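Q: just coords:
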């Protein structure tokens, strides 16, 4: 559940906006909420939670789009409107990047899945931990530790 080599780069659908990740994710996830279903046009969205200081946009610009709120900022390529990453207020040390944008995403497997109460009845993931909503913040640190122990 880690990229084979770092740094690793990725791009939006059109290639105008590129990103670089220089550290392994702290955790990986699939979110089944209706918002993610709509924004990804899929059964769920995928996330690699990466250290904010190990993530950078290296080419192009991004714009805030999707569900705009003080709690969540979803960033998109302004040219092709690919949903690239999300920043969550209060979790400033992490950036939630869409791992399928990376040049190699074969390493990715969701460790947790969230919002399963909204999941499509046929949607399944191999996640080891499942939550009807989002994990409590008190449980989040233990999940990060469990993910790290998997190497």
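A: All right, it came through fine. Nothing here was measured: the structure is a model prediction, and the numbers come from that model.

Q: tell me the buried residues in stretch 4-13?
A: 8-12 (16 or more other CB atoms under 10 Å). Heads up, the C-betas are built off the backbone N, CA and C, glycines and all.

Q: same thing with stretch 141-151?
A: Applying 16+ other CB under 10 Å to stretch 141-151 flags 143, 147 as buried.

Q: all strands of the protein, in order?
A: Taking DSSP state E, the strands of the chain run over residues 8-11, 18-21, 27-31, 45-51, 55-59, 63-65, 72-76, 83-88, 94-97, 112-114, 129-130.

Q: confidence score at residue 151?
A: The model reports residue 151 with a pLDDT of 69.

Q: where is the longest helix in this structure?
A: In the chain, assigned by DSSP state H, the helix with the most residues is helix 137-149.

Q: what's in contact with that one?
A: In this structure, residues lying in contact with helix 137-149 by CB atoms under 8 Å, 6 or more residues apart in numbering are 1, 25-28, 111-112, 129, 135.

Q: now with 7 Å, please.
A: For helix 137-149, contacts defined as CB atoms under 7 Å, 6 or more residues apart in numbering pick out 26-27, 111-112, 129, 135.

Q: now do stretch 84-102
A: Stretch 84-102 is contacted by residues 8, 10-12, 17, 19, 21, 26, 46-52, 55, 62, 70-77, 83, 105, 108 when judged by CB under 7 Å, 6+ apart.
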